[in-house]
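Undergrad: how does the following fold in three dimensions:
(one chain, ligands or ions: 1)
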Amino acid sequence: MSYKIETKCVQGGYTPKNGEPRQIPIIQSTTFKYESSPEMAKLFDLEASGYFYSRLQNPTCDFVAGKICEMEGGSAAMLTSSGQAASFYAVFNIASCGDHVVASSAIYGGTYNLFAVTMSRMGIEFTFVSPDASEEELNAAFRPNTKAVFGETVANPALNVLDIEKFAKVAHSHGVPLIIDNTFATPVNCRPIEWGADIVTHSTTKYMDGHGAAVGGCIVDSGKFDWTKYPEKFAGLCTPDDSYHGVTYTERFGLAGAYITKATAQLMRDLGSVQSPQSAFLLNMGLESLHVRMKRHCENALAVATFLKNDDRIEWVRYPSLEGDKYYDLAQKYMPNGSCGVVSFGVKGGRAAAEKFMAGLKLAAIETHVADARTCCLHPASATHRQMTDAELEAAGVSPDLVRFSCGIENADDLIADISQALDNI
Ligand SMILES: *Cc1c(COP(=O)(O)O)cnc(C)c1O
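TA: The predicted model follows:
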């Protein structure tokens, strides 16, 4: 039986048997008991599936990963301690020292640093391409050692919408998978696998949790990318892993399980960025209402964006689901029911006016966070990017007047009234 996304949000991943808890149990245990050493040895050899240590797998985390897997239409999934860990594992699982990755330049700042600084120091080279690049421009970015393409459905904070089909087509023509960070859209609004993406990552810290309660991440594999067509390029998946008794992931676990099993058995084993069962429980509570909240986030954001567009105290507005936005057509194609709750805009009067605007807000809280049930707001030029000059800000794609407004699920009229009185305050 195949359920709709709303039903998967509520019921996916966990089906209790007779007399079992209705809510996902929090298995707050680091370790699991066995009757004999040989029984446990089978688990270590990946010959039987089961739990032995929560750094590798924990039932609570697996229930929740299973739910997100169903929501994205994947074949296997794993939770990670944060979105950063998910992005790192997703790429590092198939690219290592001497390899190359093509990434959209319009991605979350933390991911950009991870790629351009930390992973570059590990010997993985990244070429950043415009999210609006043509097929020819994308083709030109590939090298013989390219292992993956990476982009965001809706970029944080630039709010570009990625043409997933185009990126998937080009990635596949070069024999590499497309990895999509689907944090802002969530699988309620867009399921990248349906458009050709091979692997999907999330910062579950954002809408999925939705209540500012738990940092977390997730990786979902579609199971559709055929690693065995390129056994030399993806040797880690297609040849024996000495650190796991010579298991060959694609042979033992098939295309459906190879990628996530390797990421768990190798990367999680060695790097340990595990999500706690307690956090996974909180995440699941968020997922149960994700479809209800996303609808309201998007309605509020559209109402706020429409108000801003018609207000002459505002210089410009960016919201992909707003008619006339540069990304409106792509947003309608990939996310006809709404994109996300984040709107960005410029206040007339530049950096100084934006600072006064921020100071006047009463309901919207000043936070670096986004995608929360409570409306929050950031002026990067006076917060996260405050060390930069106006010229440096422009070069980084963050104009000095840019305000990032993350609409919560409060009443839209109250949000608009708050914005309006703060604009009066300038
Ligand atoms: C926040 C964010 C991340 C990083 O996630 P953390 O949970 O903060 O580590 C990655 N990608 C996107 C799009 C984000 O918004």
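Undergrad: okay, CA-based contacts and neighbour counts for the rest of this
TA: Fine.
Undergrad: ok, now which ones touch the closest residue to the ligand within the stretch 151-300 of the chain?
TA: Per Cα to the nearest ligand atom, S203 is where the stretch 151-300 of the chain lies closest to the ligand, at 4.2 Å. Taking Cα atoms under 8 Å, 6 or more residues apart in numbering, we find S203 in contact with 82-84, 86, 183, 215-218.
Undergrad: what does this structure put close to the ligand?
TA: With Cα under 6 Å from any ligand atom as the criterion, the chain meets the ligand at residues 82-84, 108, 156, 183, 203, 205, 215-217.
Undergrad: so which of the residues you listed are in strands?
TA: 203, 217 (DSSP state E).
Undergrad: among the residues of the chain next to the ligand, which are located in helices?
TA: 83-84 (DSSP state H).
Undergrad: and the least confident of the residues of the chain next to the ligand?
TA: Here the lowest pLDDT out of the residues of the chain next to the ligand sits on N156, with 87.
Undergrad: which residue packs closest to it, ignoring adjacent ones?
TA: Leaving aside its sequence neighbours, N156 sits nearest to Y108 (Cα to Cα, 6 or more residues apart in numbering; 5.1 Å).
Undergrad: count of neighbours near the residue of the stretch 51-200 of the chain found nearest the ligand?
TA: Proximity of the stretch 51-200 of the chain to the ligand (Cα to the nearest ligand atom) peaks at G83, 3.3 Å away. Here the count is done by other Cα atoms under 10 Å, and G83 has 25 residues near it.
Undergrad: just A48 next, same as before
TA: Neighbours around A48, by other Cα under 10 Å: 12.
Undergrad: same check, this time on D312
TA: Neighbour tally, D312, other Cα under 10 Å: 10.
Undergrad: surely it is within a helix?
TA: No: going by DSSP: H, G, I helix; E, B strand; the rest coil, the assignment for D312 is coil, not a helix.
Undergrad: tell me the pLDDT of it.
TA: 96.
Undergrad: what's the spacing between it and G346?
TA: Going from D312 to G346 by Cα to Cα, to the nearest Å gives 11 Å.
Undergrad: ok so, going back, ranking the residues of the chain next to the ligand by neighbours, who comes first?
TA: Of all those, G217 has the most neighbours under the rule other Cα under 10 Å, reaching 29 neighbours.
Undergrad: pLDDT of stretch 5-17, averaged?
TA: Rounded mean pLDDT across stretch 5-17 is 97.
Undergrad: picking that back up, how about the contacts made by the residue of the stretch 51-200 of the chain closest to the ligand?
TA: Counted by Cα under 8 Å, 6+ apart, G83 has contacts 201-205, 215-218.
Undergrad: how about the residues you listed, which pair is most distant?
TA: Based on Cα to Cα, the longest span within those runs between T201 and V215 and measures 14.1 Å.
Undergrad: residue contacts, the nearest residue to T30 once chain neighbours are set aside?
TA: Nearest residue to T30, sequence neighbours excluded (Cα to Cα, 6+ apart): S54, at 5.0 Å. S54 is in contact with 29-31, counting by Cα under 8 Å, 6+ apart.
Undergrad: buried subset of the residues you listed?
TA: The neighbour-count criterion (16 or more other Cα atoms under 10 Å) marks none of the contacts of S54 as buried.
Undergrad: among these, which one lies nearest to N113?
TA: T30 (32.2 Å).
Undergrad: verify the contact between the closest one and Q57 for me.
TA: No: taking contacts as Cα atoms under 8 Å, T30 lies outside contact range of Q57: 9.6 Å.
Undergrad: now V101. Its backbone dihedrals?
TA: phi -130, psi 140 (degrees, to the nearest 10).
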